Structure formats: C-alpha cells, structure tokens
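Asks: sequence? don't have it. structure:
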C-alpha cells in the first residue's frame, strides 16, 4: 500500500500548471464573455491525455487540448465565463481529469473576478409597455400593509413617445377606497413621472391578500386604455402592547391545522370540522375566514368566543372539475395580537 501511495503522489506531478487560479479583476457585465487559458507542462515520461473538464457552473464553458500531450510539451485548459446577468463577485472552478498510461488523476483550476453591473436602461427599469407608457409591472403592489391608516405608494411611469401624454382616471373603473394622482398629469416626451396610489384599507374592509381593478386613460390615439391591478396584503393593526396586556389578550388555537380527505371521487363534496378555542383572557373575535379557492368553503358557527369557549369551523371541498392531488388553504383572521392571521389546510387525491 505504501508503494501505491508513493506512485500516485509522484504521478500526480506529471501535470504541472503555470498557475491554477486566475483573477480577471473588474469586468463589465455588458462586455461579453471573457476567457483565460491555463497552460500545463507534461513533466512525466508518458503522454498525458485530458479525458474531460467539468465547470462548477453553466456560466463557465471549458475547452482543452484534445490530443495527447507528449512529455515535455504544453497543453491547455480554456475557461470562458459569461458575466451577463451576473453582477458582483464570482469564483468558479474547473475540475480536470487526465490519464497517463493506466493511471488517472486530476486537478482543479479557479477563475474569479468582479462583474461591474451594466447601466440600467428605461427598458430594464420599466419593462412593461402599454401604448406610449412604460411601467415596471401591470400590477401595482402595495405589499404588506395594516388597516391602521391610509397608505400611499408611488410608482414610476415613463412617456416613451415623442408627444405629450395626458393622464386621466376612468372613475367608473376605480373602487371607492382607491385614489390615483399623477405627477405631472401632463407628461412630456421621454420623461419620467409618477403614479401615486392612495389606498384606504378601512374603506376596503378586508384582510389578507386583496386585488382591485384600476383603469387609466390617456389622450393617445391608440392604446389609450391602461387596465392595471392593485394588490395588497392587509393585516390587522395592533398598537404596541406590554407583556401584561398580551397576557390578558385573546388567543386563537386549533385542535389541528391539517386534514386529509384521502381519495375522493371527482364531483363529490367532502367536509371536515376543525375546532377553534379561545385560550386567552378576553373575547376572541373572528374577523374573516378566507379560502384560496372557490372550491373550498369555511363556515364558522360563531364569530365571537368568550375565554375558554370553542366553536366549530366546517370546511367543505367540492371536487367538481378537480383531479389529482389537491391542497387548499383556509386563512382565519382574528383579534389575537400574537397571531392574527392563522392558516389551516385540507388535502385530497381526486380520482
């Protein structure tokens, strides 16, 4: 065994690289692929055959000397790296395998550097175009908000045309809890502006993920109607509470959080019951019960539970038009300040 180890160690020195790591330094993302050639010398007494080179990432393409490298001659391993859409630091490896006679060995090479991100264009920043106007998305996402007060968020708009664009709002296509302001409402050519969205969650009177349709109108001769979607996830607002106040607060608990209906024949409706309990010290109020599919319905026998009281939540799943594995969620919103949004689920395999 000692002899074998000694032979392997000596033979692994048959291939000697001039360098095993190359630093490209700073490169531009938009500059195209970059490459470096690692050179090695066959220091052994037999030809070296490179049998393969594998890169650690699809962004790196290897190439190598295909013919056998005679003793004393030089071979090469080429590493080509594509920096497009890969800003920041990078370090990639190439695993080289070779044979000398009947003995196999290998080496690992590295390339590294820093990709300077390309300057972003208007098309990059605002990829969605509707007529002459560019936006980031057709969905105006307010993100997570609370129902404490009115929320305002600004979204960039850009006039890509060579003419002035005048904005208006189709009041028949805007809900009462949404207002829109434009800054400016007359947008010069090749100019950035802002669409200010004002959203009143109290007027919306809902919780969880919500959407509304919004229609904007411009004076463009074509594509003057811009239909957008307003999105938000509304959570109940709770003022800061002391530990003593939290100890006296209502608490929502479930007897379980998941139910498996098993195998169900398509077209049948199946039901199960979850038990909710107020384990807190004050009255628990269930604000809403929402499902992620019209095929699932949650019916609660009461919306208010005294301390220690329990209630039944019946969840019915209609399998009509469904097939295969099904997973549906039911979200329960309450005045439990520690967990005002809780989710349970049902699943089934529909045959």
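Replies: That came through, no problem. Predicted model only: the values in this text are computed from it and were never measured.
Asks: ok, now which ones touch the most centrally placed residue in the chain?
Replies: For the chain, the residue nearest the mean C-alpha position is residue 143 (13.6 Å; CA atoms, centre = their mean). Listed by CB atoms under 8 Å, 6 or more residues apart in numbering, the contact partners of residue 143 are 232-233. C-beta coordinates here come from the backbone N, C-alpha and C atoms, glycine included.
Asks: residue 208 bridge partners, please.
Replies: residue 234 (DSSP bridges).
Asks: so it touches residue 332, yeah?
Replies: No. If you go by CB atoms under 8 Å, residue 208 and residue 332 don't touch, sitting 10.0 Å apart.
Asks: higher neighbour count, those two?
Replies: Using other CB atoms under 10 Å as the criterion, residue 208 and residue 332 rank with residue 332 on top: 23 against 16.
Asks: so who does residue 210 touch?
Replies: Each residue near residue 210 by CB under 8 Å, 6+ apart is listed here: 204, 231-234.
Asks: could you report the separation of it from residue 141?
Replies: Residue 210 sits 11 Å away from residue 141, going by CB to CB, to the nearest Å.
Asks: for the residue nearest to the centre of the chain, report the pLDDT, please.
Replies: As predicted, residue 143 sits at a pLDDT of 96.
Asks: which SSE is it in?
Replies: Per DSSP states H and E: residue 143 is located in strand 139-146.
Asks: in its sheet, what does whichever helix or strand comes after that strand sit against?
Replies: The element immediately downstream of strand 139-146 (helix or strand, assigned by DSSP H and E) is strand 151-159. If you go by DSSP bridges, strand 151-159 pairs up with strand 133-135 (antiparallel), strand 191-199 (antiparallel).
Asks: quick one on the thing from earlier: name every strand pairing with the strand holding residue 143 and say which way it goes.
Replies: In the sheet, strand 139-146 lines up against strand 225-235 (parallel) (DSSP bridges).
Asks: what mean pLDDT does the strand it pairs with have?
Replies: Computed over strand 225-235, the mean pLDDT rounds to 95.
Asks: need the contact partners of that strand.
Replies: Surrounding strand 225-235, the residues in contact under the criterion CB under 8 Å, 6+ apart are 130-131, 133, 135, 138-147, 151, 170, 173, 178, 197, 199, 201, 204, 206-218, 340-341.
Asks: among the residues you listed, which ones are buried?
Replies: 130-131, 133, 135, 140, 142, 145, 147, 151, 178, 197, 199, 201, 204, 206-208, 210, 212, 214-216, 218, 340-341 (16 or more other CB atoms under 10 Å).
Asks: so how far is residue 53 from residue 73?
Replies: 18 Å.
Asks: residues near residue 113, how many?
Replies: As a burial measure, residue 113 scores 19 neighbours (other CB under 10 Å).
Asks: great, nothing more from me.
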